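Asks: I need the structure of the sequence given here:
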Amino acid sequence: MEKPRVYANPINKKIDNVQDLFRSDKDSRSINPVDVNKKINEIFASRNHVYKSKVKITLKDAVVEKEIVGKTNINLLTLDGNLIRITDIVDIERI
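Replies: Reported below is the predicted structural model:
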C-alpha cells in the first residue's frame, strides 16, 4: 500500500516570535495569592504548630507580628480575637 503524499510549504522568512523586552512596575511586587495560601497551609501543617504559631505578616500597608490559631476561607484568626483578611496579606513567615 502506498503512503499518501503530503505537501510541506517551505518557510522562506525569518520567524521572530520571541519577546525581547519585559517591563514591570517595581511598586506592584507581591506574592501570588496562591503562594500566600500555600505558606499559610504549610504553617498550619507544620510539626511545630500545636495550637498557635507566632508569625510576621506583611500586609498591604503594615507589618505585624501575631499569634495565629485558625483559618477560614477568607480570614486568619488570631489569639487576641482579631480577623486578618487573607487577601490583604502580601507575605507571611513563621517566627
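
Asks: Show the pLDDT at Gln19.
Replies: For Gln19, the pLDDT comes out at 66.

Asks: which intervals of the chain have sub-threshold pLDDT?
Replies: 19-33 (pLDDT under 70).

Asks: show me where it has strands.
Replies: With strands called from DSSP state E, the chain shows them at 53-59, 63-71, 75-78, 83-85, 89-94.

Asks: For stretch 57-65, buried residues please.
Replies: Ile57, Thr58 (16 or more other Cβ atoms under 10 Å). (C-beta placed from N, C-alpha, C; glycine too.)

Asks: now for the strands of the chain, which one comes closest to Val34?
Replies: Val34 lies closest to strand 89-94 among those, at 12.3 Å (Cβ to Cβ).

Asks: Quick one: list the elements packing against that closest one.
Replies: helix 33-45, strand 53-59 (3 or more Cβ pairs under 8 Å, 6 or more residues apart in numbering; DSSP states H and E).

Asks: any chance of those in JSON lines, plus distance to Asp88?
Replies: Converted to JSON lines, these look like this (distance: least, Cβ to Cβ, whole Å):
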{"stretch": "helix 33-45", "distance to Asp88": "10"}
{"stretch": "strand 53-59", "distance to Asp88": "5"}
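
Asks: ranking the ones you listed by burial, who's on top?
Replies: strand 53-59 (a mean of 16; mean count of other Cβ atoms under 10 Å).

Asks: Counting by contacts, list what that strand packs against.
Replies: helix 33-45, strand 63-71, strand 89-94.

Asks: what sits up against that strand?
Replies: 43-44, 46, 63-68, 76, 84, 88-95 (Cβ atoms under 8 Å, 6 or more residues apart in numbering).

Asks: Kindly recompute the last result at 7 Å.
Replies: 43, 63-68, 84, 88-95 (Cβ atoms under 7 Å, 6 or more residues apart in numbering).

Asks: Quick check on these: which are buried?
Replies: Neighbour counting with 16+ other Cβ under 10 Å marks Ile43, Lys66, Ile68, Ile84, Ile89, Ile92 as buried within the contacts of strand 53-59.
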